[in-house]
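Visitor: have a look at this prediction, sequence included:
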Amino acid sequence: MYSYTYDPATGGIVLNTTPTGFSKEPRPVYAPELDLLGFDKYWKYDKQDDVPYMWAEANEYIYRGTLVAKLKGGNIFTAPEISIPSGENGKPVEPEPDGNPLKPIDIEAMVEANREMMLLIEQTTAKKVIGVYKKYKDKVDCFYVAFSGGKDSCVLLDIVMKALPKERFIVLFGDTGMELPDTYELIPDIQTICTDKDISFYIAKSHITSEESWKIFGPPSRTLRWCCSVHKTTPQILKLREIMNKTNFMGLAYTGVRSHESIKRSHYEAENFGEKVPGQYTHHSLIDWTSAEIWLYIYIHSIIINKAYKKGRSRAGCILCPNSSGKQEYFDYINYRNYITKYIDYIKNTAAITEANINNYIIDEVWKARKSGRDIINNPCLYADKTENGYLCIETIGKKHYYKEWLKTLDLEDDIYSVEETMTGYIGKIPESIIKMNPSIGKKFKQVFRKIAYCVNCKLCEANCSRNSLTVSNDSITIQECTKCNNCHNVNTGCIVFQSKFYVKGENTQMKSLNTMSDHVPETGWLEMFFEKKNDFFSEHTLGPNQFSYFKRYLKDAGLREKNIVTPFTSLVNRLGWNTDVAQGLMYINLVSSNPQLCWYISNFDINKLYPREIVLNMLSSDLNYNLSTKMVNTIYKAYGQLTETPLGTSLHFGHVTDSGDLVRTKCSISDHRVILYGLYKFAEKCGDYREFTLATLLNDSIERDGISPTRIFGLDRDDMVPILLGLSVKYPDFINASFTHDLEKITLSSDKASGDVLGLF
């Protein structure tokens, strides 16, 4: 809520009344963390873990208001490098003069200095908790605190316990089986606190152990996070149904999610429906709190602290999470080596990587980028589909006695499709004409057979079915009185195991994903930071790991980087003014050539046509070239809207969002026609280097070809193109010759020039 400063006198934090922007998320640093990193070689301090000595903001360590150290690099097996900054005298900064021991933070003085403001923050939050309770008490069956064992949920639980009647809410801990050992040590203490106050405390846990799931699904990755669905969301929904004795219950979860934790969470609304748990209300009660306020609350009220924070953890959570950083994994490797090693071994034993390269595969975090089952050894492809003789034909391998149960979810007459049992599995067929009439039928038909091929009874589909029609046991599935509500189809690509393990048989490369930006669409500020820092950006950026990963993809597709080095094209774009229509036009041509998500946008959206949300979602989900989950479809749709807020929209005017939320692709503003010339050469190079064509060919979008014409990219018609082409011919005759005489038209590009030569014209 509020900004803070460091108090040199107490070593603590002092809040002020200035509203905070995006917090740097300070956290207290205890002796065990200092020991682990090797700070005992630089400083003296007592080896106690009752009181912290300083604060950390990301990789910076701050002692009584002074930056005393920075960390650089580090990976799961290697400690980060310590850098001690120089003071005004040019010598390394000393936290205490003459090498005296560090002083612990004066917790009592810090608490007193912040007590009044923290009381206001606490009362404001408690009122919100009570307000939400009063608003929904006659609408929901259950209020519950979604407890994780982290600092935020500990603070949340304390506030809710003070604000609500003890009999009107429960506490639910989602045990993924992969929590930190210190979290498991904390849980009995929390249970005791709740029991002493007559508050019900429950634990939700999947029937599949974490060890089994890593073997079944393959290691999770940043794009294949099956772990959250299987080990968190599904068990919690099923446990709440058990508690309520009601399948179609309605609940409201109080969570400790905070907007300052990440860019993605900064867009969350405090009160929402279905954002975290499908079909349920959520209230992010601490949404506006910073970590400074969280820690002050903990010290003021003597809240129990998860010991993981004293060992260097900035957040509690799962061990070896694909979203964690190298430094964080190093902490875990040192603190919980026996526990983390078994998951490292799962990665080693399942990765299709040579023994010589396996350590680099882990150190370089390549495993976190897995997008399909191709990287998994001993992973037979159990599903294939193709269009043949007017039918969509699907073949699965493996026989399951309950395959007919999944067929009950299809809202189709039995005589419209056929299923044949083979020696090895099943073959399903449905006329392509039916799919063309209703594309969603093809999607659901595929999803049913993916379930048939890959189902492992994880119970995610059962959790999605709120009508008590679907029952999953360890070795069987029963569907009774199915209402065809399709909730069981609201799963990634139909089956979450399929999503994690499928690959196209016979391909040597991974399937191209249409979801190239996820929830991390490049922001204007990121681009500004990149062009300002250039090569230094890759080591000095302030983006989160997922943001950085997706932004690097965007930069590569735009032609702005190769590995972690900026390209000469970057310098050109910078000179032109990176946020101008000229620079954005050149970047856009590269993006459309390399980025499937933008290519799809150009190929499927017509100029100046309104595309309502539902229409776009249906277009995406029905595209038979991609296996898109409901979540991916929504993410891709949202990304198109967010891109209009970047210079692509504000300078190039490639599209906008109407007041009613409809997407519109618009004719681009190109002030320099050399951009069009660059697009013509890129188009020719993509189309087999064919250098001679007509304007009619350029304008004809129905022709099947690998390249996309600049007329399509920028939304230009014949009246636009004729003067542009004639003007380019006059100014740059060595590059292009265009003639329009006597109803004859001909465009010729020079055979000894390339798109790179066009850039030289700038």
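Guide: Good, I have the coordinates. Model, not experiment: these values are computed from the prediction.
Visitor: check the offset of the helix of greatest length in the chain from the chain's centre.
Guide: Across the chain, the helix with the greatest residue count (assigned by DSSP state H) is helix 107-136. Chain-centre distance of helix 107-136: 31 Å, with Cα atoms, centre = their mean, to the nearest Å.
Visitor: for that helix, packing partners?
Guide: Applying 3 or more Cβ pairs under 8 Å, 6 or more residues apart in numbering; DSSP states H and E, we find helix 107-136 packed against strand 13-19, helix 151-163, strand 251-255, strand 281-284, helix 291-301. Glycine gets a C-beta too; all of them are placed from N, C-alpha and C.
Visitor: try it again with 10 Å
Guide: Applying 3 or more Cβ pairs under 10 Å, 6 or more residues apart in numbering; DSSP states H and E, we find helix 107-136 packed against strand 2-6, strand 13-19, strand 142-147, helix 151-163, strand 251-255, strand 271-273, strand 281-284, helix 291-301.
Visitor: off-centre distance for the shortest one?
Guide: Okay, so that is strand 271-273. On the basis of Cα atoms, centre = their mean, the separation between the geometric centre of strand 271-273 and that of its chain is 20 Å.
Visitor: strands paired with it, and their directions?
Guide: When sheet partners are counted by DSSP bridges, strand 271-273 sits next to strand 281-284 (antiparallel).
Visitor: can you list contacts of the partner strand?
Guide: The set of residues that contact strand 281-284 without belonging to it, under Cβ atoms under 10 Å, 6 or more residues apart in numbering, is 128-129, 131-133, 135-136, 139-140, 143, 146, 152, 156, 160, 250-259, 265, 268-276.
Visitor: just the buried members of those residues?
Guide: Buried residues within those, defined by neighbour count using 16 or more other Cβ atoms under 10 Å: 128-129, 132-133, 136, 140, 143, 146, 152, 156, 160, 250-259, 268, 271, 276.
Visitor: give the residue spans of the stretch 151-300 of the chain that score low on pLDDT.
Guide: Across the stretch 151-300 of the chain, the stretches falling below the confidence threshold (pLDDT under 70) are 262-268, 275-276, 278.
Visitor: hmm, 80 instead?
Guide: Residue ranges of the stretch 151-300 of the chain with pLDDT under 80: 223, 260-269, 274-279.
Visitor: same question for the stretch 551-700 of the chain.
Guide: Across the stretch 551-700 of the chain, residues meeting the criterion (pLDDT under 80) sit at 618-619, 621-629, 687-690, 697, 700.
Visitor: buried residues, the helix or strand hosting Asn737. List them.
Guide: In this structure, Asn737 sits in strand 736-741 according to DSSP states H and E. Of all the residues in strand 736-741, those buried under the rule 16+ other Cβ under 10 Å are 736-738.
Visitor: contacts for the next helix or strand after it, please.
Guide: Toward the C-terminal end, the helix or strand that comes next after strand 736-741 (DSSP H and E) is strand 744-749. Strand 744-749 is touched from outside by 677, 680-681, 683-685, 689-698, 718, 721-722, 725, 728-729, 735-740, 755, 758, with contacts defined as Cβ under 10 Å, 6+ apart.
Visitor: got it, and stretch 338-358?
Guide: Stretch 338-358 has contacts (Cβ under 10 Å, 6+ apart) with 76-77, 178, 180-181, 210-211, 213-215, 217-220, 318-321, 329, 332-334, 337, 359-362, 364, 366-368, 370, 373-379.
Visitor: at 6 Å instead, please
Guide: 181, 214, 218-219, 319-320, 332-333, 361, 367, 375-377 (Cβ atoms under 6 Å, 6 or more residues apart in numbering).
Visitor: make a markdown table out of these and add neighbour count.
Guide: Formatted as a markdown table, the contacts of stretch 338-358 follow (neighbours: other Cβ atoms under 10 Å):
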| residue | neighbour count |
| --- | --- |
| Pro181 | 16 |
| Trp214 | 22 |
| Gly218 | 25 |
| Pro219 | 26 |
| Ile319 | 23 |
| Leu320 | 26 |
| Asp332 | 24 |
| Tyr333 | 20 |
| Tyr361 | 17 |
| Trp367 | 24 |
| Asp375 | 22 |
| Ile376 | 17 |
| Ile377 | 10 |
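Visitor: good, we can wrap up now.
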